[in-house]
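S.K.: what shape does this take:
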Amino acid sequence: MDTEEAIRGRRSVREYTKEDISEDDVKAILEAGRMAPSGLNNQPWRFKVLRGEEKDSVAKHTKYGGTIRKAPVCIAVFLDEASCYNRTKDLQAVGACLQNMLLAIHNRALGAVWLGEILNQHETVEKELGVKHELMAVVALGHPAEDGGAPDRKDLTELLI
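M.R.: I've put the predicted structure just below:
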């Protein structure tokens, strides 16, 4: 898939079929995240793949728990503060990592949504998962059960300053 086509075609998908996600797909998605740029190549992201009960235990900490429960797989993305050198730059790197994963998911004809509201409960989720890194997002993914229509975007002229 052409890069610009992937960027324009990617949608947030919140409904999934019951079909599982292969370990090969999960690994390819994580590899795409791993390839994101980071300052000083510090690669401050860490991943935890969530399935089954572990995924369900995280779902109770967000109003979007239904999306997490329906997804066959979720990937929790964390910031490893020990590897950080500049918080702002490292947060941007994690964002690039997440976008790489979302594009890889789309390229594999899968659907996903980047869940951020769960950050309101990040300390509880980190404790629940036994992780000593700061939660940045949860990506719910699966085989799409919906089309995920095109979102409205502001005209470019509205964004230029």
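
S.K.: dump the residue contacts of Gln32.
M.R.: To be clear, residue 32 is Ala; Gln isn't right here. 100-101, 103-104 (CB atoms under 8 Å, 6 or more residues apart in numbering). Heads up, the C-betas are built off the backbone N, CA and C, glycines and all.

S.K.: by neighbour count, which of those wins?
M.R.: Taking other CB atoms under 10 Å as the neighbour criterion, Met101 ranks highest of these with 28 neighbours.

S.K.: where's that residue, which helix or strand?
M.R.: helix 87-107 (DSSP states H and E).

S.K.: what is the rounded mean pLDDT of that helix?
M.R.: Averaging pLDDT along helix 87-107 yields 98.

S.K.: show me the contact partners of that helix.
M.R.: By CB under 8 Å, 6+ apart, helix 87-107 touches 1, 3, 6-7, 9-11, 28-39, 42-45, 75, 77, 79, 83-84, 111-112, 114, 136-137, 139, 141.

S.K.: next, the angle from the lengthiest strand in the chain to helix 87-107.
M.R.: Ranked by residue count, the top strand of the chain under DSSP state E comes out as strand 134-142. Put simply, strand 134-142 runs at 10 degrees to helix 87-107, going by axes from the mean of the first three to the mean of the last three CA atoms, to 10 degrees.

S.K.: same for strand 134-142, what does it pack against?
M.R.: helix 65-70, strand 73-79, helix 87-107, strand 111-115, helix 122-129 (3 or more CB pairs under 8 Å, 6 or more residues apart in numbering; DSSP states H and E).
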